[in-house]
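K.L.:
model this:
(3 chains, ligands or ions: 3)
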Amino acid sequence: MSRLAPGHRGCAGCCDAMAANFVLEAIGDDAIVINPTGCLEVMTTPYPESAWEVPWIHSLFENAAAVATGVEAALRALGRKGDTKVVAMGGDGGTLDIGMQAISGAFERGDDITYVCIDNEAYMNTGVQRSGATPFNASTTTSPPGSQSFGNPRPKKNMPAIMAAHGSPYVATTSISYPKEMMRKVKKAVGIEGPTYIHAHAPCTTGWRFDTSKTVEIGKLAVETALWPMYEQEEGEITKVRKVKQPKPVEDYLKAQGRFKHLFTMEGGDEAIAKIQAIADWNIKHYGLE
Amino acid sequence: MTGKMTVVEGSYAVAHAVKICRPNVISAYPITPQTHIVEDLSQFMADGEIPNCEYINVESEFSAISTLVGASAVGARTYSSTTSQGLELMHEVLFNVSGMRLPIVMTVANRAVSAPINIWNDHQDSISQRDTGWMQLYAEDPQEAADMTAQAYRVAEDKDIMLPAMVCMDGFILSHVYEPVILLEQELTDEYLPGFEPEHILDPAKPKTFGAFADPSTYTEFRYLQQKGMDAALEKIENAADDFNKIFGRYYGGLIDTYEAEDAEILLFAMGSVVGTIKDVIDRARTEGVKVGLVKVRAFRPFPVEAIRKVVKDASVIVTLDKNISLGLNEGALCTEVKSCLYNTDINIPVIGFLLGHGGRDIPRRNIRMIIDKAKQVIRSGVTIESEYADLRGELI
Amino acid sequence: MKITIGGVVEPGTTRANKTGGWRNFKPLYHKDKCIKCGLCSMLCPDSSVHEQEDKYVIFDFDFCKGCGICANECPKDAIEMVLEEK
Ligand SMILES: Cc1ncc(C[n+]2csc(CCOP(=O)(O)OP(=O)(O)O)c2C)c(N)n1
Ligand code: SF4
Ligand SMILES: [Mg+2]
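P.N.:
Ligands and ions are numbered 1, 2, ... in the order given. So this is what the prediction gives:
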């Protein structure tokens, strides 16, 4: 059972380290991991050290999916494929912003890879700048609130839907706060032939500004407020949804994090919060969470 | 010379050579004038003619070269081909490939860069990738481009080198020309080119980490070792050409080749297909008693500093012909580099640079002749001239 | 140390870097309350909570950064974060 070796430089309470551990436990030792540039990559491989116990490669920020394609193709060409799983795991930026073209290409081609997006909702490695996965009204270093702004002006890009639209046989959303469930989904994904996609919500203590002990707690709140719907989609159809009994108001989630603090002090913050509640309500209806 | 001549397109000769080199993963994205190479390879794949090989139809050049990063790290012999915009799009990955010491071989069907968009030949595309840590070899004709492919794998995959290589061939002029060539024979090539057996691979049985980050305490040494690899490649490129000659009976020079250079007062420097035209002009000029010769630069990276110092010693003037320009310096790369390798030596020969053939502009013999005449004048007057265009249409500006 | 060509690295070698020094708080284990669910060990971002044969856990203070996730998530409050005395 491999996990990241200790001694890596992730922050205390790091969500990326947790995500990587769950993926590693799920896929086992017969795997090759591809990592784009980002926190996980930087914190685990300061030369001459590595926290990885499986074969691992990092090339650049935007090409992890293409590198994974090449790894998989080479294994086949050389007759070494066997049961070896080819798994890319990258941050939200490396996946759905700058890595979008490469992942789209790999999924359109139907390459036999699994891609896990570890979504901590901003570019953490470079100091918490906004990404296409940053939620509506969150404060980041490039979407700060001010007299003309409540923070990030756009809702999250719906990456799982985009990947499902590529015809992926298996797309699932999950969260590091539900490790058993996350491992089950990753295991399922690597067991299916073709390009499979896991989108894991991952609360970052540093970027979201909460205490290092709360990483799991915050992730649960995202699910319990219906801001992070968890579901599985097979061959295009949503086949399983994690129900949320009596969703909590989004305030419970927002007030626990520094990145939303401004919404509770700024004039007009109530309305801004109401818009976030509307996103949760839409999720409840759209995914049938209740 | 072994083998029988067949008339084929230059692109076919190269694609065929790639096939014979037994690649495991090919990944490319179409762009004029590289297209025929990848189309021919696709046909070979469709006909089951390349064993143990996967061809990946990617969505961009960026992904083409990125897939090969993964494939090469797994231990596959890898190939790509591109040009111009495609090569520029690869730029970031090219550094990554050489830094990770992955011996990918790629044909560049040289073409001008946009804007204005232009699909015809010059060398601006590959020259712009000079410092990416790839070896760069330039072919004179389709036969050499094909044979150079095998030579490139030999050098790139050598355990003392482990650096990627670009085989540069002039777009259209070489890629689309039909010429008699001897197609690489499988048996001879197998004898010439051993299998690719890298020391480290991505393998679950022996897990290794590829692509760690290096802080200031080690980064310099990584770069230094890359340069050492380039240094070592100088001799290996010569050896690869010599050994190729032994097995196939064909030789085009090692790092450089020379033509009528021995007693030449005027020594022209050029790369690629223009070399053929220059040889014709030299033949004519020699009959008129002009002591002119040629240095064909085959290896632009690593740059053959010592070989050049040796060959120019007795010349009176050096003339460089460049199908590229460093804007802001008004010189082509050959001009700059030849100059720089003569500095701090006791060689003191004027170097005059000419820019020509950009964006596919034809290079007629009379232009080369005019350049030779200018060189003669420099010798006579003792006054050198700055780098200039040799084929500017003054009426347009 | 000699530089490896291409920067290839051996697995699991971050173990040379003891991160225990980062800690401000340290977990104090109340074994009597522990129900051996293994959650703390599973969640630890630094793989520093080890389940033993008897399913009780021990903490690896060479690496524990003191994040407190184990204490926060323990369903039985069997882990308490106390100030690290340096
Ligand atoms: C082409 C390129 N642009 C920008 C960067 C700088 N950069 C490195 S990591 C990173 C952000 C990573 O964000 P994400 O993928 O979300 O991973 P995280 O660090 O948040 O886990 C950025 C912007 C880069 N390395 N390469
Ligand atoms: S910034 Fe966030 S993702 Fe990055 S190492 Fe720290 S906790 Fe992990
Ligand atoms: Mg991120």
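K.L.:
for the strand or helix carrying B:Thr277, buried residues please.
P.N.:
Assigned by DSSP states H and E, B:Thr277 belongs to helix B:274-287. For helix B:274-287, the neighbour count (16 or more other CB atoms under 10 Å in any protein chain shown) marks B:274-275, B:277-279, B:281-282, B:285 as buried. C-beta: built from backbone N, CA, C; applies to glycine.
K.L.:
again, but for stretch A:275-290
P.N.:
Buried residues in stretch A:275-290, counted by 16+ other CB under 10 Å: A:276-277, A:279-280, A:283-284, A:287, A:289.
K.L.:
can you pull the contacts of B:Val18?
P.N.:
B:Val18 makes contact with B:26, B:37, B:41, B:79, B:107, B:149 under the criterion CB atoms under 8 Å, 6 or more residues apart in numbering or on different chains.
K.L.:
in three-state terms, label A:Pro6 for me.
P.N.:
coil (DSSP: H, G, I helix; E, B strand; the rest coil).
K.L.:
ok, and the closest non-adjacent residue to it?
P.N.:
Once flanking residues are discounted, A:Pro6 sits nearest to C:Phe63: 3.6 Å by CB to CB, 6 or more residues apart in numbering or on different chains.
K.L.:
quick check: beta-bridge partners of A:Tyr231?
P.N.:
A:Val241 (DSSP bridges).
K.L.:
residue contacts, it?
P.N.:
Contacts of A:Tyr231 (CB under 8 Å, 6+ apart): A:172-173, A:238, A:240-242, A:287.
K.L.:
show me which residues of stretch B:205-214 are buried.
P.N.:
B:207-214.
K.L.:
for B:Glu49, state which of those residues is nearest.
P.N.:
B:Glu49 lies nearest to B:Phe210 out of the buried residues of stretch B:205-214, by CB to CB, at 31.4 Å.
K.L.:
can you pull the contacts of A:Ser203?
P.N.:
If you look again at residue A:203, you'll see it is Pro, not Ser. Here A:Pro203 is in contact with A:15, A:120, A:176-177, A:210, A:214-216, A:218-219, A:222 (CB under 8 Å, 6+ apart).
K.L.:
and those, which are buried?
P.N.:
A:15, A:120, A:176-177, A:210, A:214-216, A:218-219, A:222.
K.L.:
so which of those residues belong to strands?
P.N.:
Using DSSP state E, no member of these sits in strands.
K.L.:
could you export the residues you listed as CSV, including pLDDT?
P.N.:
CSV is the format used below for the buried ones among the contacts of A:Pro203 (pLDDT from 0 to 100):
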residue, pLDDT
A:Cys15, 98
A:Asn120, 98
A:Ile176, 98
A:Ser177, 98
A:Phe210, 98
A:Lys214, 98
A:Thr215, 98
A:Val216, 98
A:Ile218, 98
A:Gly219, 98
A:Ala222, 98
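K.L.:
now the residue in chain A positioned nearest to ligand 1, nearest residue through space, not along the chain?
P.N.:
Closest approach between chain A and ligand 1, counting by CB to the nearest ligand atom: A:Gly91, at 2.1 Å. Once flanking residues are discounted, A:Gly91 sits nearest to A:Gly38: 3.8 Å by CB to CB, 6+ apart.
K.L.:
likewise for B:Arg101?
P.N.:
Nearest to B:Arg101 is C:Gly6, by CB to CB, 6+ apart, at 3.5 Å.
K.L.:
please enumerate the strands of the chain.
P.N.:
Reading this off chain A. Using DSSP E, strands in chain A cover A:31-34, A:56-57, A:85-91, A:114-119, A:170-175, A:196-201, A:231-234, A:237-241.
K.L.:
please refer instead to chain C.
P.N.:
C:25-29, C:49-51, C:57-59, C:79-83.
K.L.:
what about the second one and chain A, any contact?
P.N.:
No - under the criterion of CB under 8 Å from any CB of the partner chain, chain A is not reached by strand C:49-51; the shortest gap measures 10.3 Å.
K.L.:
can you give the strand pairings for that strand, parallel or anti for each?
P.N.:
Checking strand C:49-51 against DSSP bridges gives partners strand C:57-59 (antiparallel).
K.L.:
buried ones in the partner strand?
P.N.:
In strand C:57-59, the ones that count as buried by 16+ other CB under 10 Å are C:57, C:59.
K.L.:
hang on, A:Ile27 packs against A:Lys188?
P.N.:
No - under the contact definition of CB atoms under 8 Å, A:Ile27 does not touch A:Lys188, with a separation of 11.2 Å.
K.L.:
neighbour count winner among these two?
P.N.:
Neighbours per residue, other CB atoms under 10 Å in any protein chain shown: of A:Ile27 and A:Lys188, the larger number sits with A:Ile27, 26 against 17.
K.L.:
for the more buried one, give me its contacts.
P.N.:
A:54, A:85, A:87, A:114, A:186-187, A:190.
K.L.:
can you pick out the most distant pair from those?
P.N.:
Maximum distance among the contacts of A:Ile27 (CB to CB): 15.1 Å, for A:Val54 and A:Lys187.
K.L.:
and residue 41, what does it touch?
P.N.:
No chain was given, so I picked chain A. Applying CB under 8 Å, 6+ apart, the residues near A:Glu41 are A:35, A:58, B:211, B:213.
K.L.:
chain C is the one I meant
P.N.:
C:49-51, C:57.
K.L.:
which two in those residues are spaced the farthest apart?
P.N.:
C:Val49 and C:Glu51 (7.7 Å).
K.L.:
list the contacts of B:Arg111.
P.N.:
B:32-33, B:83-84, B:118-122, B:125, B:171.
K.L.:
the residue nearest to B:Arg101 reaches B:Ser98, doesn't it?
P.N.:
No - C:Gly6 lies out of contact with B:Ser98 (CB under 8 Å); the separation is 9.5 Å.
K.L.:
what is the end-to-end distance of stretch A:59-66?
P.N.:
10 Å (CA to CA, to the nearest Å).
K.L.:
any idea how far that stretch is from the middle of the chain?
P.N.:
Centre-to-centre, stretch A:59-66 and its host chain are 16 Å apart (CA atoms, centre = their mean, to the nearest Å).
K.L.:
next: stretch A:86-98.
P.N.:
Distance, centroid of stretch A:86-98 to centroid of chain: 8 Å (CA atoms, centre = their mean).
K.L.:
may I have it exported as PDB, CA atoms only?
P.N.:
C-alpha atoms of stretch A:86-98 as PDB (Å, rounded to 0.1, in the frame of the first residue of the first chain):
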ATOM      1  CA  VAL A  86      -1.600   5.200 -16.100                       C
ATOM      2  CA  VAL A  87      -2.900   7.900 -13.800                       C
ATOM      3  CA  ALA A  88      -2.400  11.700 -14.100                       C
ATOM      4  CA  MET A  89      -3.200  13.900 -11.200                       C
ATOM      5  CA  GLY A  90      -3.100  17.600 -11.400                       C
ATOM      6  CA  GLY A  91      -4.400  20.800  -9.900                       C
ATOM      7  CA  ASP A  92      -7.400  22.700 -11.100                       C
ATOM      8  CA  GLY A  93      -5.200  25.100 -13.000                       C
ATOM      9  CA  GLY A  94      -3.100  22.400 -14.700                       C
ATOM     10  CA  THR A  95      -6.300  20.600 -15.600                       C
ATOM     11  CA  LEU A  96      -9.100  22.800 -16.500                       C
ATOM     12  CA  ASP A  97      -7.300  26.100 -17.400                       C
ATOM     13  CA  ILE A  98      -3.900  25.700 -19.100                       C
END
